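Participant: sequence unknown, structure follows:
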């Protein structure tokens, strides 16, 4: 009887990753013993983007100056595998590529034409690779559970969206500033370290101690302290500490894997309040009159997540919303400009006012200051006797106020999901805008981008 209960619990946990389709099975799953308590599961997915974008002024793609660009690219191609060696011991590996376009995202050193031309054969790399041991197993009627693990991991604290799954977003993607260290002192939102996770009644907790990846950006020397600009330069990095605690008012979420769900499509009743942090000493550096000063990175966030079925049960309607406030301190005037799958380079012949962020679709993304982000969506009614196709319109708002810029920005996203089979097969269309700063105190305009995504995952 005990063994049957354990098998059922493990199966429910394994299925919990496939959100959004109530009849979805275990995916690509291989039992390693007759009872099914030892198994290996593979999750595979791809996200293909088509885009029509307005470029920042002064952009060149190939050998031509451009103001608009249309393209198609591979946002993510991934394979995740986890092996449950015993009820207490699990191994997780996750490999893939990101952001491949016709002109960039290829293997290191790819250029020109031929087999290793620009944009071809991107390098496959590990996103996650960790071992985990359940010290205190979750049991019915027991309020406390605890697991410990170590390796290249995603338990990076700060906010729900900092540890979000890329499979079930409400909008087309994450806003990116939810990963404030992205590809600087982390490896695609991960660091190497140890972590603890678990639950206590309605509370869920995650804490980690990590060694950030080394950064060595060149520090600009200035003569006045108010003009100092912090850059990522940690040399022999000090240990980082991260944590996130969440209170789950209604249904409890699975914490079997770290990936937080973006939209349950009304299959759960969720109201969660969370708060988190990330901190590391001597993460950035400034130089004033030749004197170097090091600065701690101190990041804090608070958020709320809602996903509730509404209306008549047979209509299967649902409301999803998420709001998060980030307080970021990387040191004085720290600012990073980021553009997803940015294909643009600077056009030397351009004579007008250029974007401070740079060419292509670059924008001020992360910096010392504050960010408030809110998204909401509504799953339209659909009777159970009709096909599975579902529609979910959504909108999002972002307020960014960075110390390095004299004016805050207001950004919007509008779109809709068309679910063919929950999140396992869906089309997403979205329009987004971004600010174009020509001086630190002036937003010259807002540029738009239309995106269409096809997502498939098993």
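Facilitator: Cool, the structure landed. Every value quoted in this text rests on a predicted model; they were computed, and no experiment measured them. Residues are numbered from 1 along each chain as shown.
Participant: ok, residues contacting the helix or strand residue 126 falls within?
Facilitator: Assessed by DSSP states H and E, residue 126 sits inside strand 125-136. Contacts to strand 125-136, defined as CB atoms under 8 Å, 6 or more residues apart in numbering, come from residues 78, 80, 87-97, 144-154, 187-188, 190, 195, 198. The C-beta positions use only the backbone N, C-alpha and C, and glycine is treated the same way.
Participant: The same query, at a cut-off of 6 Å, please.
Facilitator: 88-95, 145-149, 151-154, 188 (CB atoms under 6 Å, 6 or more residues apart in numbering).
Participant: Which of those are buried, as a PyMOL select command?
Facilitator: Remark: buried members of the contacts of strand 125-136, expressed as a PyMOL selection using 16 or more other CB atoms under 10 Å:
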select buried, resi 90+91+92+93+94+145+146+147+149+151+152+153+154+188
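Participant: Can you flag which of the contacts of strand 125-136 belong to strands?
Facilitator: Secondary structure from DSSP state E places 89-95, 145-149, 151-153 of the contacts of strand 125-136 in strands.
Participant: and of those residues, the nearest to residue 375?
Facilitator: Distance ranking of the ones in strands among the contacts of strand 125-136 against residue 375, using CB to CB, places residue 94 first at 25.1 Å.
Participant: and residue 95, what are its bridge partners?
Facilitator: residue 79, residue 126 (DSSP bridges).
Participant: Now for it: which residues touch it?
Facilitator: 79, 124, 126.
Participant: what about burial for those, which qualify?
Facilitator: residue 79.
Participant: mind giving me CSV with the contacts of residue 95 and columns for distance to residue 171 and pLDDT?
Facilitator: Output for the contacts of residue 95, formatted as CSV (distance: CB to CB, whole Å; pLDDT from 0 to 100):
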residue, distance to residue 171, pLDDT
79, 24, 96
124, 27, 93
126, 27, 97
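Participant: which regions of the protein lie under the pLDDT threshold?
Facilitator: Across the chain, residues meeting the criterion (pLDDT under 70) sit at 1-27, 384-387.
Participant: in stretch 122-136, what's buried?
Facilitator: Those would be 122, 127, 128, 130, 132, 134, for stretch 122-136 by 16+ other CB under 10 Å.
Participant: Tell me the one of the residues you listed nearest residue 361?
Facilitator: Taking CB to CB as the measure, residue 361 lies nearest residue 122 of the buried residues of stretch 122-136, at 19.2 Å.
Participant: sec struct for the closest one, please.
Facilitator: Three-state call for residue 122 (DSSP: H, G, I helix; E, B strand; the rest coil): coil.
Participant: Assign a three-state SS to the most centrally placed residue in the chain, would you?
Facilitator: The centroid of the chain falls nearest to residue 174 when counting by CA atoms, centre = their mean (5.0 Å). Of the three states, residue 174 takes coil under three-state DSSP.
Participant: just residue 314 next, same as before
Facilitator: Classified using three-state DSSP, residue 314 is helix.
Participant: what's the burial count for the nearest residue to residue 297 once chain neighbours are set aside?
Facilitator: Excluding its sequence neighbours, the residue lying closest to residue 297 (CB to CB, 6 or more residues apart in numbering) is residue 283, at 3.7 Å. Counted with other CB atoms under 10 Å, residues neighbouring residue 283 total 27.
Participant: Give me the buried stretch members for whichever helix or strand residue 283 is part of, please.
Facilitator: Residue 283 is part of strand 270-288 when elements are defined by DSSP H and E. Of all the residues in strand 270-288, those buried under the rule 16+ other CB under 10 Å are 270, 272, 274-280, 283-288.
Participant: For residue 453, state which of those residues is nearest.
Facilitator: Distances from residue 453 to the buried residues of strand 270-288, taken by CB to CB, are shortest for residue 270, at 24.0 Å.
Participant: what sits against that closest one?
Facilitator: If you count contacts by CB under 6 Å, 6+ apart, then residue 270 has 251, 307 around it.
Participant: for residue 354, same thing?
Facilitator: 57, 58.
Participant: try 8 Å this time
Facilitator: Residues in contact with residue 354 (CB under 8 Å, 6+ apart) are 56, 57, 58, 346, 438.
Participant: Do I have it right that the first one meets residue 360?
Facilitator: By that I understand residue 56. Yes: using CB atoms under 8 Å, residue 56 is in contact with residue 360, at 6.2 Å.
Participant: Identify the contacts common to the two.
Facilitator: In terms of CB under 8 Å, 6+ apart, residue 56 and residue 360 are both contacted by the residues residue 344.
Participant: Look up how far residue 221 lies from residue 227.
Facilitator: 10 Å (CB to CB, to the nearest Å).
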